[in-house]
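Sequence and predicted structure, then a few things I'm wondering about:
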Amino acid sequence: MAVKIPEKDSPFSRLDRFKISKDDLIAGISVACVAIPQSLAYAALAGVPVYYGLYALSIPTFLAAFLGTSTILSTGPVAAISLLTAALLQQFQLTDPAQIVMYAATLAVLVGLIQITLGLSKLGTLINYIARPVMIGFTMAAAIVIAFSQVPQLLGLTVAKHEHFLPSVWETLKHVLEFSFESSLFGLISLLFIVILKKKQPLFPAGLIAVVISILLSQYMSYDGAIIGAIPAGLPEIKLYNYTALPLSFMLPNALVIALVGFMESMTIVKSLAQKTRDRLDPNKELLAQGAANLSSGMIGSFPVAGSVSRTVLNYSVGAKSKMASIVLSIIALIAILGLSRVLYYLPFATLAAVIIAAVMNLINPHEIYELYKTRRREALVALFTFGCTLLFAPHLDYGIVFGVIASISVYLHKTARPHIEIFFCHDKDYLHSQHYHLHTYPSNKKVMGVSVESSLTFTNATYVYDTIMQELNKHKRPKYVLLLCNRINYIDSSAEQVLQDIHNDLANQNIELLLAGLPQRIIDELHTTKVYDYLGGDHIYPKANLALKAIYRKQV
């Protein structure tokens, strides 16, 4: 039987995945009904003119779908990335709209270049350093910051802007009674309409309906609140700025955070759905695809993009079968750019605020931290710490991510520094049975103290293992042998090798022999290379614990 050799995997050798179907057409139109009002709202959230949201939904969405490995990932403007963009733009205190667009576009280019570099360097696994508890805490805090940042628009308030989130909250609360009746009417009714309709009919385009009704009522009522106004007609143009004249070194750390957070958000949702979609995900190719999307977004003057959780879930829920669903979405966005410039003129900003708040409400989920607390308290504390830091430093959300990563690494190091150690005497049949140690019981076993370490031995924990063994020796009648069970040890570094020699020496001074059992052959070979094997004595290292106990018994009879 002949074996068929698969063709080299490239975008052009996978054109069969781009066959349009009725399901993809329906999915593309359905997601567009949600994505268009969201994109307008997220552009406003990012601090750029709203029509740039449609730009970010067009070519970037197409490139991410065409180059990526996921069939359902819907790329475009997302709430958290838009807020991170706004946070950076606020630091420059820009007032000229052209400058704001230039800085946002430059940020998108930097994000794209970082993601492409990481993808080419095969560093897609770098996202693993952002632990799930960090993302839980960050996402929930970011959702609260995003939602509260829209309250002034929702109610038509005029409040002074502050550098940090908490003073902004206080400023808004002080002026909340100065709300505009008309703006509040549009904002609150739109919000209530979207929330209720999404709860009863999750797949229904509630946001789009709210936008259409608001436009009609705004024009009919001669609404005097803030509206979008005139939107330039025509397709986006390629814009190349003098990037060297911009503060790139200041923008680079923010771009790195956006690149990692955006990619993390993208991969989290597609990984969770991968078993259902049967996608063979390649993180490095997805990095390249997301990088190309951001680079193109910057080159058409728009802002950073990422994979959207809500729109990807919707894409899957309405039956998308291939990447054509996202390509249909990008085409609809281009049509909207050409045909909606006049239609959107009367759209109230209060309605866009309602769209944003409704979109992030589902991300505020304290129950997720509570469930984590019931099983892994340390990780729950990391989530809470990240949550608190993100709120404290908002709108500089990148600080929350950085402190969250530091906290998660610290918790990991603390845990590895104090591994679980079982210490027992090898003649205790009841204990051995209860702990599932299948050891033969010889009369000489009462002279053997067993030590089981449930971790590799490294510089972080080797001294703790040494101290624990010595403390136990002082508590009990001194045995003649200490048997170190190494079945769960898969790595020993140079610091731990030195500690093993110290344990051997200190036990020898007390006329106690150290025996090792169950070391993997790979580690034994390393101990040979470093001469530690000879130092400990090759006749004291056994492949199995029962062989060590048998050898002790033979010595005693």
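Arrived safely.

name the element residue 452 belongs to?
strand 448-453 (DSSP states H and E).

Give me the residues contacting that strand.
For strand 448-453, contacts defined as C-beta atoms under 8 Å, 6 or more residues apart in numbering pick out 419-427, 437, 439, 465, 469, 472-473, 476, 479-489, 545, 549, 552. In this view, the C-beta of every residue, glycine as well, is placed from N, C-alpha and C.

how does it look with 6 Å?
419, 421-426, 465, 469, 479, 481-485 (C-beta atoms under 6 Å, 6 or more residues apart in numbering).

Doesn't residue 281 lie inside a helix?
No: counting by DSSP: H, G, I helix; E, B strand; the rest coil, residue 281 is located in no helix; its state is coil.

that older thread, just the buried residues from the contacts of strand 448-453, in PyMOL please.
Filtering the contacts of strand 448-453 down to the buried ones (16 or more other C-beta atoms under 10 Å) takes a single PyMOL command:
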select buried, resi 419+421+423+424+425+426+465+469+479+481+482+483+484+485
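
Run through the residues that contact the closest residue in space to residue 75 that isn't next to it in sequence.
Spatial nearest neighbour of residue 75, excluding adjacent residues (C-beta to C-beta, 6 or more residues apart in numbering): residue 64 at 3.6 Å. Residue 64 makes contact with 75, 289, 293, according to C-beta under 6 Å, 6+ apart.

which SSE is residue 64 in?
Residue 64 is part of helix 59-67 when elements are defined by DSSP H and E.

Dump the C-alpha coordinates for that helix into CSV.
C-alpha atoms of helix 59-67 as CSV (Å, rounded to 0.1, in the frame of the first residue of the first chain):
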residue,chain,number,x,y,z
ILE,A,59,-7.3,43.6,6.6
PRO,A,60,-5.9,42.5,10.0
THR,A,61,-8.8,40.0,10.4
PHE,A,62,-8.2,38.6,6.9
LEU,A,63,-4.4,38.2,7.4
ALA,A,64,-4.8,36.5,10.8
ALA,A,65,-7.3,34.0,9.4
PHE,A,66,-5.3,33.3,6.2
LEU,A,67,-1.9,32.8,8.0
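
Strand partners (parallel or antiparallel) of the helix or strand following that helix?
The first helix or strand that comes after helix 59-67 along the chain, using DSSP H and E, is strand 75-76. Strand 75-76 pairs in its sheet with strand 306-307 (antiparallel), by DSSP bridges.

buried stuff in the helix or strand following the strand it pairs with?
Counting by DSSP H and E, the next helix or strand C-terminal to strand 306-307 is helix 309-317. Neighbour-count burial for helix 309-317 flags 309-316 (criterion: 16+ other C-beta under 10 Å).

Equivalent analysis for stretch 459-471, please.
Across stretch 459-471, burial judged by 16+ other C-beta under 10 Å covers 460-462, 464-466, 468-469.

Same question for stretch 273-290.
Residues of stretch 273-290 classed as buried: 273-274, 277, 279, 281-290 (neighbour count, 16+ other C-beta under 10 Å).

Show the end-to-end separation of it, please.
Stretch 273-290 has an end-to-end distance of 18 Å (C-alpha to C-alpha, to the nearest Å).

outside of that stretch, which residues touch it?
Taking C-beta under 6 Å, 6+ apart as the rule, stretch 273-290 contacts 64, 67-72, 115-116, 118-119, 122, 124, 263, 316.

Tell me who's in contact with residue 332.
residue 32.

Let's see the pLDDT reported for it.
Model confidence at residue 332, given as pLDDT, is 93.

How about the secondary structure of it?
helix.

ok, now residue 236?
Residue 236 falls in the coil class when you classify it by three-state DSSP.

And the closest residue to it other than its chain neighbours, how far from residue 352?
In space, residue 236 comes closest to residue 300 once its chain neighbours are excluded; the distance is 3.9 Å by C-beta to C-beta, 6+ apart. Distance of residue 300 to residue 352, given as C-beta to C-beta, to the nearest Å: 21 Å.

Who has more neighbours out of the two?
residue 352 (33 against 19; other C-beta atoms under 10 Å).

so the more buried one touches residue 42, yeah?
No: judged on C-beta atoms under 6 Å, residue 352 makes no contact with residue 42 at a distance of 9.1 Å.

Show the contacting residues for residue 413.
With C-beta under 6 Å, 6+ apart, residue 413 has no contacts at all.

element containing it?
With secondary structure defined by DSSP H and E, residue 413 is part of helix 397-417.

Let me see the mean pLDDT of the helix holding residue 64.
Per-residue pLDDT values across helix 59-67 average out to 95.

so that helix versus helix 309-317, what angle?
Taking axes from the mean of the first three to the mean of the last three C-alpha atoms, to 10 degrees, one finds helix 59-67 and helix 309-317 inclined to each other by 50 degrees.

how many neighbours does the closest residue to residue 422 other than its chain neighbours have?
Leaving out its chain neighbours, the residue that sits closest to residue 422 by C-beta to C-beta, 6+ apart is residue 452, at 4.2 Å. By other C-beta under 10 Å, 20 other residues sit near residue 452.

do residue 339 as well
Residues near residue 339, counting by other C-beta under 10 Å, number 10.

For the contacts of stretch 273-290, work out which two are farthest apart.
122 and 316 (27.9 Å; C-beta to C-beta).

Could you pull out the buried residues of whatever helix or strand residue 141 lives in?
For residue 141, the host element (DSSP H and E) is helix 132-149. Neighbour counts over helix 132-149 (16+ other C-beta under 10 Å) mark 133-149 as buried.
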